[in-house]
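[1] Pasting a predicted model and its sequence here:
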Amino acid sequence: MKFKSTMMGLALASVASMASAETVLRYNDGGPNRGARAAAVVYFAEQVEALSGGDLKLEIHWGGALLKWKAALSGIGAGTADMGAVVAVYNPNELKAMTIGDLPGANSDAWVGMRAMYELMTTNEQMKEALAKQNVVYVGNFTTTAVQIECAPGHSIKTVADIKGKKMRASGVYGKVLGELGATMVNMTYDKVYQALDSGLIDCSAGYVYATKAYKLYEVADSMTLSNWGQVSGFGIVVNKDIFEELTEEQRAALLEAGSLMTDQFAQAQIEDFDTTVAAMKSGEIGSKVEVTEMAEEERAKLFAAGEPFVAKWQSDMDAAGYDGADIYNQFQDLIVKYEAERDAKGYPWARRI
């Protein structure tokens with residue numbers, strides 16, 4: 001297989017017998033090699049190799065060794081890395097199409113959200129074109145799981161009215177919605193949330209159950225309100241478009257199928273972790289001082305309503321970029337309904353195999 005000279009990231013290595021050649025793609029990940037998402041990346045790489053019969057392999061570089069999160073999209077598009085994980089919120093203009101997965105709404109099911117994203121991004125020609133402009137091709141998806149609200153002692157958010165006046169941290173459009181609802185937003189990366197809650201720099205954080213456990217935020221928060229407010233799934237795997245097109249048809253199919261399989265594997269890990277962590281917090285096994293409550297449905301409805309202007313803005317921004325924003329958004333909502341119905345009728349894929 002002959003590759004263009006500009007494709008400096010793609011390496012070909014002969015197998016020991018020299019009878020055939022394997023294609024090795026350098027995969028960049030901005031995160032560390034630990035946790036459920038890292039395990040999903042390893043699973044993805046294993047599936048790529050198995051599905052391609054050993055013709056295609058990934059060389060994973062962790063911790064942003066090749067490209068940091070904000071540079072990942074441009075670097076993969078340029079061929080500094082052949083493929084890797086990208087986060088839409090770090091490149092909101094270039095990845096405007098993928099931020100559809102970040103829009104606040106009622107769907108907070110990790111499997112439903114990722115399956116809907118996978119089908120939308122792999123079948124909708126407008127979404128393919130939007131990523132092609134960045135010289136990348138979508139392969140698979142991650143999610144942060146549902147957005148929840150945790151607060152330091154002396155503060156709690158049980159209703160939308162409670163948000164007003166609170167100093168809060170949140171990411172992307174969720175931060176904008178909370179700001180519109182009267183919160184004072186403080187910008188920081190997630191690794192700073194523990195200290196910020198402990199020191200009083202922020203009163204509350206809109207985060208995720210798995211992150212609460214990973215960062216031990218239950219040590220500095222004494223309340224968690226399960227708002228189950230949408231999720232951030234503008235977080236996926238892309239491959240350099242030139243490289244993708246140089247692969248064989250079988251290798252391209254292996255990448256896409258591995259992305260689909262990883263969607264189910266990661267969803268299972270996230271959903272099971274959510275259930276066990278919430279149960280442990282409610283029982284006092286972890287976070288013995290944390291009160292865990294569920295936000296009332298009427299209050300959740302207010303959150304959804306507050307996010308609607310941002311849904312409309314996403315559609316108008318896509319229209320301005322030459323796409324049909326309403327058509328794409330409606331297809332995405334239809335896919336969410338489709339996978340919710342499949343889940344309700346058949347259960348999750350991993351439950352069907354039991």
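    Perfect, I can see it now.

[2] Now do the longest helix anywhere in the chain: distance to the chain's middle.
    The longest helix of the chain (DSSP state H) is helix 249-283. Relative to its chain's centre, helix 249-283 lies at 11 Å (C-alpha atoms, centre = their mean, to the nearest Å).

[3] With stretch 161-181 instead?
    Offset of stretch 161-181 from its chain centre (C-alpha atoms, centre = their mean): 20 Å.

[4] Check stretch 44-62 too.
    Centroid separation for stretch 44-62 versus its chain: 21 Å, with C-alpha atoms, centre = their mean.

[5] Would you work out how far apart the start and end of it are?
    End-to-end span of stretch 44-62 (C-alpha to C-alpha, to the nearest Å): 14 Å.

[6] Domain-wise, how is the chain divided?
    With domains defined by automatic domain parsing, the chain comprises 11-143+233-270, 146-231+290-323.

[7] Go through the ones you listed and name the closest to residue 339.
    With respect to residue 339, and counting by C-beta to C-beta, the nearest of the domains of the chain is domain 11-143+233-270 at 4.4 Å. Backbone N, C-alpha and C define where each C-beta goes, glycine included.

[8] what ranges do the helices span in the stretch 51-200 of the chain?
    For the stretch 51-200 of the chain, helices defined by DSSP state H, counting those that start in this stretch occupy the ranges 69-78, 110-123, 125-132, 172-180, 193-199.

[9] The second one versus helix 125-132: what angle between them?
    An angle of 80 degrees separates the directions of helix 110-123 and helix 125-132 when computed by axes from the mean of the first three to the mean of the last three C-alpha atoms, to 10 degrees.

[10] Just the mean pLDDT for helix 110-123, thanks.
    With pLDDT averaged residue by residue, helix 110-123 scores 97.

[11] repeat for the fourth one
    Averaging pLDDT along helix 172-180 yields 94.

[12] I'd like to know which elements it is packed against.
    Judged by 3 or more C-beta pairs under 8 Å, 6 or more residues apart in numbering; DSSP states H and E, the packing partners of helix 172-180 are strand 167-169, strand 184-185, strand 204-207, helix 297-320.

[13] And the second one, by the same measure?
    Counting by 3+ C-beta pairs under 8 Å, 6+ apart, the packing neighbours recorded for helix 110-123 are helix 125-132, strand 136-141, helix 249-283, helix 325-346.
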